[in-house]
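>>> The amino acid sequence is not available; the structure is as follows:
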């Protein structure tokens, strides 16, 4: 099979195919994930890791000649729900809807593969116990997909005492959670008000830190964000009603911020018939999500004015959004005002720092795992190029190779 041909690897081929000990990839342009554009770059991959990043011209005859495509590190989506899917009846899957556990796992595996082919090589999935099966199957190479980190089930029962929350954190650690997900506010469809006290959050985040676990906090209201920050939690999600005051406090304490732009809300609205009537997916809930779109864009604009605030990228992708994750990054640039390079860094090197995997992924750096993608165009000037993924390598294995014909 010639590497110069258009190749889209099947699921079986991607898993079974082994790379030679040394593989070279050449492109006229690369973005290193840390804010630098590199020209005429050849990346050498050995044993699944980046061995060298060099200025070597195309005449060097690379194994994968990508020409005018742009190389960059695999993207890291810090908040995506791989277990969410539309069931056999075309509706959002919920418990006891008729789908079997096997159907659910297959659907999640499909979401994982779709996400990988969209250039996302690492995903943080908060809030589903079945995530561990997908995580482990991908990790062993049984199925293709992005590297998965999971919180298993979230912590959200506001009636629990601080001691009970600490016990639950220890249980999640024993069950194999990679981090702890906390609901500290109601959903945007319910107004987003705070649900957990500072004392409860201190118990959760303090215990997690003692056990070496990070904490992600669902928090829409400024008060819930403030409590999570003061409690020493690692990262705040969403933050639709963030204020300058709480964002400055987050920056001062080093709390990561993961706001969404438009994908999650537009996805719900576009797929309304598949969600309608389930829980709080009702007229009031959909109206709240329509109102949230300009608020979300305004929150990103506000966050960008706060010196030192560490903003990462997480889409909150649910059923209907998997594989379209980069639309949220595009929204950040086009509607939120973030520069393309800052947006890319938030989804690569900054994201890797937030999930404490900077020594493994997040940049085109020798020694890191070879999570490398390529897109048609230059996303440092046109962020929409991220839609046009033509090459995906994860851990040194190629899952997609589709050179652009000029």
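Alright, I've got the coordinates. Only a predicted model underlies this, so the values are computations on that prediction, with no experimental measurement involved.

>>> residues near the residue lying closest to residue 329 once chain neighbours are set aside, how many?
Spatial nearest neighbour of residue 329, chain neighbours left out: residue 343 (5.2 Å); criterion: Cβ to Cβ, 6 or more residues apart in numbering. Glycine gets a C-beta too; all of them are placed from N, C-alpha and C. Residues near residue 343, counting by other Cβ atoms under 10 Å, number 27.

>>> List the residues that contact residue 343.
When the contact criterion is Cβ atoms under 8 Å, 6 or more residues apart in numbering, the partners of residue 343 are 313, 329, 332-333, 383.

>>> quick one, what contacts the residue nearest the centre of the chain?
Against the mean C-alpha coordinate of the chain, by Cα atoms, centre = their mean, the closest residue is residue 77 at 1.0 Å. By Cβ under 8 Å, 6+ apart, the contact list for residue 77 reads 115, 120, 122-124, 146, 313-315, 317, 325, 347.

>>> just residue 163 next, same as before
The contact partners of residue 163, taken as Cβ under 8 Å, 6+ apart, are residue 203.

>>> What does it show for phi and psi?
With angles defined as degrees, to the nearest 10, residue 163 sits at phi -60, psi -40.

>>> cool, residue 386 as well?
In terms of degrees, to the nearest 10, the main-chain angles of residue 386 are phi -60, psi -20.

>>> Once you drop chain neighbours, what's closest to it?
residue 326 (4.2 Å).

>>> Return the residues in contact with residue 30.
Counting by Cβ under 8 Å, 6+ apart, residue 30 makes contact with 37-39, 41, 43, 53, 70-72, 364.

>>> Just the residues you listed: which are in helices?
Of these, none are assigned to helices by DSSP state H.

>>> which of these are buried?
38, 41, 43, 53, 70-72, 364 (16 or more other Cβ atoms under 10 Å).

>>> any chance of these in JSON lines, with distance to residue 216 and pLDDT too?
Output for the buried ones among the contacts of residue 30, formatted as JSON lines (distance: Cβ to Cβ, whole Å; pLDDT from 0 to 100):
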{"residue": "38", "distance to residue 216": "32", "pLDDT": "96"}
{"residue": "41", "distance to residue 216": "34", "pLDDT": "96"}
{"residue": "43", "distance to residue 216": "32", "pLDDT": "97"}
{"residue": "53", "distance to residue 216": "32", "pLDDT": "97"}
{"residue": "70", "distance to residue 216": "30", "pLDDT": "98"}
{"residue": "71", "distance to residue 216": "30", "pLDDT": "98"}
{"residue": "72", "distance to residue 216": "25", "pLDDT": "98"}
{"residue": "364", "distance to residue 216": "27", "pLDDT": "98"}
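
>>> what packs against the biggest helix by length in the chain?
In the chain, taking DSSP H as the definition, the longest helix is helix 283-303. In terms of contacts (3 or more Cβ pairs under 8 Å, 6 or more residues apart in numbering; DSSP states H and E), helix 283-303 is packed against helix 244-253, helix 263-270.

>>> Which of the residues in the first one are classified as buried?
Along helix 244-253, these residues count as buried under the neighbour rule (16+ other Cβ under 10 Å): 246-247, 249-251.

>>> Make a markdown table out of the helices and strands packed on helix 283-303 and add mean pLDDT and distance to residue 368.
What follows is these, written out as a markdown table (pLDDT from 0 to 100; distance: least, Cβ to Cβ, whole Å):
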| stretch | mean pLDDT | distance to residue 368 |
| --- | --- | --- |
| helix 244-253 | 98 | 27 |
| helix 263-270 | 97 | 28 |
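
>>> how about these, which one is nearest residue 339?
With Cβ to Cβ as the criterion, residue 339 lies closest to helix 244-253 of the helices and strands packed on helix 283-303, at 18.2 Å.

>>> what does the next helix or strand after that closest one contact?
The element immediately downstream of helix 244-253 (helix or strand, assigned by DSSP states H and E) is strand 256-258. The list of residues contacting strand 256-258 from outside it, by Cβ under 8 Å, 6+ apart, reads 78-79, 216, 234-239, 242, 247, 250, 303, 309-314, 354.

>>> taking these one by one, which sit in helices?
Checking these against DSSP H, those in helices are 247, 250, 303, 354.

>>> any idea which of the residues you listed is the one closest to residue 172?
Taking the ones in helices among the contacts of strand 256-258 together and measuring to residue 172 by Cβ to Cβ, the closest member is residue 354, at 19.1 Å.

>>> residues in contact with that closest one?
When contacts are counted by Cβ under 8 Å, 6+ apart, residue 354 is found next to 78, 234-235, 256, 310, 312.

>>> same thing with residue 350?
For residue 350, the contact set (Cβ under 8 Å, 6+ apart) comprises 310-312, 362.

>>> Look at it and report its pLDDT.
The pLDDT attached to residue 350 in the predicted structure is 98.

>>> Quick check: it vs residue 344, distance?
Summarising the geometry, the distance separating residue 350 from residue 344, computed by Cβ to Cβ, to the nearest Å, is 10 Å.

>>> quick one on the thing from earlier: what does the longest helix of the chain contact?
Residues from elsewhere that reach helix 283-303 (Cβ under 8 Å, 6+ apart): 188-191, 239-242, 244, 247, 257, 259-262, 265-266, 268-269, 272, 276, 309, 311, 331-332, 335-338.

>>> And the buried ones among those, selectable in PyMOL?
Listed next is the PyMOL selection for buried residues among the contacts of helix 283-303, using 16+ other Cβ under 10 Å:
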select buried, resi 188+189+239+240+241+242+247+257+259+260+261+262+265+266+268+309+311+331+332+335+336+338
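
>>> that older thread, show me what the residue nearest to the centre of the chain is bridged to.
Beta-bridge partners recorded for residue 77 (DSSP bridges): residue 123.

>>> next one: the longest helix of the chain to chain centre, how far?
From the chain centre to the centre of helix 283-303 is a distance of 20 Å (Cα atoms, centre = their mean, to the nearest Å).
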